[in-house]
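Peer 1: What shape does this take:
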Amino acid sequence: MAFDKEICLCGHKYGACYEIFAPDRQLLLRSNPMFTTPLNKPSHYETSASVELALLSELDSLLPSHIHPLVADNHFIDVFEDVMNSSCASEIKKLHSKAGVIFGLPEQYFTDTMYNRASVPEIHISVSQRTSKPFPPILFPNLIEDASLKTIFRNWEVFGKIIHIVLWGETGLTVLRAGRPPHSGNKWEITSLTPGLLAWAAVIAIFLLSADKEFCYSSKGETTKIVKVVLS
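Peer 2: Alright, predicted model coming up:
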């Protein structure tokens, strides 16, 4: 189709920087409201209906105007969803190869597919849930849980590495070199950190440390039962 390349670019960016899971197909069939509450207002997330409107508005703000009429088309939905899933798998594979560097742990823990990561004390502490809160210690600085949740998602030592690799490649370089293709950060014209990108980094950090063999595009991992959808 004529706009598949643009749809793929937007789908890749949307999956990493906005929402880790693809929008529900039935939701995309609805018409997007012309006037909505700004996305940074709490009222946008008070009810299920307002959350759905927020998702539609968010997607609408990302897509070029000439793509808007195609959103309810099955072809758009197929291409958009496929590229979200495939690009996420590609990013996870890239990050998995650098997991030792990301977490400051021996590479063997992650490169050996048969290694029992649950038996490693440092990993167990990072993803165990020692309180009734659904958030593991890896989401907090120095793995110190904060009951008030004021420091949640502030483990910048880990999240910063993940985001750097996703946006600027495995070397973390932000400067293009002659003859090399542009990094995602350049193609997406990233100038600031989005809440979705931070949540994406958090979910992937949990997955890399977990005992899950494959990333599940649903709310829970097959083995660890971590509620990933809460973070997105």
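Peer 1: center of the protein - which residue?
Peer 2: With distances taken as Cα atoms, centre = their mean, residue 200 lies nearest the centre of the chain, 2.3 Å away.
Peer 1: Next one, pLDDT for residue 174 please.
Peer 2: Listed pLDDT for residue 174 reads 42.
Peer 1: For the residue nearest to the centre of the chain, which non-adjacent residue is spatially closest?
Peer 2: Nearest residue to residue 200, sequence neighbours excluded (Cβ to Cβ, 6 or more residues apart in numbering): residue 20, at 5.1 Å. C-betas here are computed from N, CA, C, even on glycine.
Peer 1: Residue 146 - how many residues pack around it?
Peer 2: 15 (other Cβ atoms under 10 Å).
Peer 1: check contacts around the nearest residue to it once chain neighbours are set aside.
Peer 2: Distance criterion Cβ to Cβ, 6+ apart; nearest residue to residue 146, sequence neighbours excluded, is residue 140 at 5.8 Å. When contacts are counted by Cβ atoms under 8 Å, 6 or more residues apart in numbering, residue 140 touches 146, 151-152, 154-155.
Peer 1: what's the spacing between residue 140 and residue 63?
Peer 2: 35 Å (Cβ to Cβ, to the nearest Å).
Peer 1: coming back round to it: did I read that right, the residue nearest to the centre of the chain in a helix?
Peer 2: Yes - assignment of residue 200 by DSSP: H, G, I helix; E, B strand; the rest coil places it within a helix.
Peer 1: Next up, the contacts around it.
Peer 2: 15-17, 20, 166, 232.
Peer 1: What of residue 88?
Peer 2: Going by Cβ under 8 Å, 6+ apart, residue 88 touches 15-16, 20, 215, 217.
Peer 1: swap the cut-off to 10 Å and go again
Peer 2: Residues in contact with residue 88 (Cβ atoms under 10 Å, 6 or more residues apart in numbering) are 12, 15-16, 20-22, 200, 203-204, 215, 217.
Peer 1: repeat for residue 126
Peer 2: So residue 126 contacts 103, 105, 120, 136-139, 143, 155, 158, 205-206, 209-210 (Cβ under 10 Å, 6+ apart).
Peer 1: Sweet, I'm off.
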